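A.B. asks: Need the 3D shape of this:
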Amino acid sequence: MEGKKETYSFINYVISYPKCGRTWLHVALGKVFSCIKGFQDKLILDSNFIYGIDIFPYFYHDHSDKNRSIVENKTKYSSKSIIFLTRDPVDVVWSYYLHCKHRTKKFKGSFSKFIESERYGIEKVVLFYNIWFKNSLIPYQFMDIRYEDMSKNMNVVLQYVVDFIGLENCTKDIIDKSVEFAKFENMRQMERHNYFNAGAMKPLNPIKKKKTLKKRKIRSGKIGEGYKHLSKFDKIYVNKIIEKHVSAKYFCFLDLL
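C.D. replies: From the prediction side, this is the model:
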């Protein structure tokens with residue numbers, strides 16, 4: 001097996017903003033490939049191995065440049081097939097807040113401050129979505145999938161992805177096994193025991209107590225969780241962002257306020 005390819009050499013990409021379920025989809029799709037190709041499951045998150053497999057998509061958080069500004073020009077993807085993964089922006093920001101505050105320690109303020117942050121906040125998430133949908137005709141192929149649909153029926157979404165990238169010999173039994181393998185409780189156990197020995201799901205320390213849940217890579221994954229943590233003033237701010245940027249053509253969530 002050849003080593004990891006240059007990023008630009010990939011044919012298929014899964015692109016999302018952080019905290020949209022990219023790792024979840026990677027593990028499920030990786031299990032599909034391990035069933036078909038016959039390699040060990042522990043290699044699913046080994047980038048030097050998995051990205052050497054032909055047609056396996058490159059999982060990429062293409063949301064900003066080195067200055068954390070959103071990149072608007074997508075012409076470099078003109079010959080690529082893009083799977084664009086989205087999630088309700090309020091849930092994205094809540095999950096990202098927990099990640100930055102408790103896991104990476106990059107943010108020390110409140111959730112309210114995080115929501116309004118130019119660097120991390122909800123306006124940036126929405127603008128990122130808008131830019132990609134606006135440029136959806138640039139790639140050779142473009143397919144959008146939603147975290148909410150993955151939660152509702154991962155079997156259907158995973159089959160959709162498998163068909164899109166052109167993977168052959170994938171049976172219903174393989175899809176079922178892969179979805180089961182990537183269930184949240186199983187992924188939490190794999191994180192706890194450092195099953196993949198990979199940065200994406202590597203525990204910061206042995207996780208034994210419930211209070212350390214916020215520090216985990218894999219947390220609850222519940223739909224609508226972010227809305228429970230919005231203050232009255234947060235809701236006013238989020239509504240302003242919705243009115244300013246959100247198009248009904250692209251968004252069918254953000255209805256829980």
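
A.B. asks: Following element in sequence after the longest helix belonging to the chain, please.
C.D. replies: Assignment by DSSP state H gives helix 22-37 as the longest helix of the chain. Where DSSP states H and E defines the elements, the next helix or strand beyond helix 22-37 is helix 47-50.

A.B. asks: What pLDDT does the model give the residue nearest the centre of the chain?
C.D. replies: Centroid check for the chain by C-alpha atoms, centre = their mean gives residue 22 as the closest residue, at 2.6 Å. On pLDDT, residue 22 comes in at 93.

A.B. asks: And the helix or strand harbouring residue 149, what does it pack against?
C.D. replies: If you go by DSSP H and E, residue 149 is part of helix 147-152. When contacts are defined as 3 or more C-beta pairs under 8 Å, 6 or more residues apart in numbering; DSSP states H and E, helix 147-152 packs onto helix 154-165. C-beta here means a position set from N, CA and C on the backbone, and glycine is covered the same way.

A.B. asks: The helix it packs on - contacts with which helices or strands?
C.D. replies: By 3+ C-beta pairs under 8 Å, 6+ apart, helix 154-165 packs against strand 12-16, helix 22-37, strand 81-86, strand 141-146, helix 147-152, helix 172-181.

A.B. asks: go again using 6 Å as the cut-off
C.D. replies: Applying 3 or more C-beta pairs under 6 Å, 6 or more residues apart in numbering; DSSP states H and E, one finds that helix 154-165 makes contact with helix 172-181.

A.B. asks: Could you give me the buried positions within the helix it packs on?
C.D. replies: Neighbour-count burial for helix 172-181 flags 174, 175, 177, 178, 179, 181 (criterion: 16 or more other C-beta atoms under 10 Å).

A.B. asks: Can you give the distance from the following helix or strand past that helix to the centre of its chain?
C.D. replies: Once helix 172-181 ends, the next helix or strand along the chain (criterion: DSSP H and E) is helix 184-192. In terms of C-alpha atoms, centre = their mean, to the nearest Å, the centre of helix 184-192 is set 17 Å apart from its chain centre.

A.B. asks: Could you do stretch 93-108 as well?
C.D. replies: From the chain centre to the centre of stretch 93-108 is a distance of 16 Å (C-alpha atoms, centre = their mean).

A.B. asks: Please export the C-alpha coordinates of it as CSV.
C.D. replies: The C-alpha trace of stretch 93-108 is given here as CSV (Å, rounded to 0.1, in the frame of the first residue of the first chain):
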residue,chain,number,x,y,z
VAL,A,93,-21.2,26.0,17.5
TRP,A,94,-22.2,24.3,20.7
SER,A,95,-20.1,21.2,20.0
TYR,A,96,-17.2,23.4,18.8
TYR,A,97,-17.4,25.4,21.9
LEU,A,98,-17.0,22.3,24.1
HIS,A,99,-14.1,21.2,22.0
CYS,A,100,-12.3,24.5,22.2
LYS,A,101,-13.0,25.1,25.8
HIS,A,102,-12.5,21.7,27.3
ARG,A,103,-10.5,19.7,24.9
THR,A,104,-8.0,22.0,23.1
LYS,A,105,-8.3,24.9,25.7
LYS,A,106,-8.2,27.4,22.9
PHE,A,107,-11.2,29.4,24.2
LYS,A,108,-11.8,30.5,27.7
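
A.B. asks: Now that stretch: average pLDDT?
C.D. replies: Per-residue scores along stretch 93-108 average to 89.

A.B. asks: now swap in stretch 111-126 and tell me
C.D. replies: Taken as a whole, stretch 111-126 has a mean pLDDT of 93.

A.B. asks: Return the set of buried residues in the longest helix of the chain.
C.D. replies: By neighbour count with 16+ other C-beta under 10 Å, helix 22-37 contains the buried residues 22-36.

A.B. asks: Helix 184-192 and that one, what's the angle between them?
C.D. replies: Per axes from the mean of the first three to the mean of the last three C-alpha atoms, to 10 degrees, the angle that helix 22-37 makes with helix 184-192 is 90 degrees.

A.B. asks: for stretch 182-197, the distance to its chain's centre please.
C.D. replies: Stretch 182-197 has its C-alpha centroid displaced from the chain centroid by 16 Å (C-alpha atoms, centre = their mean).
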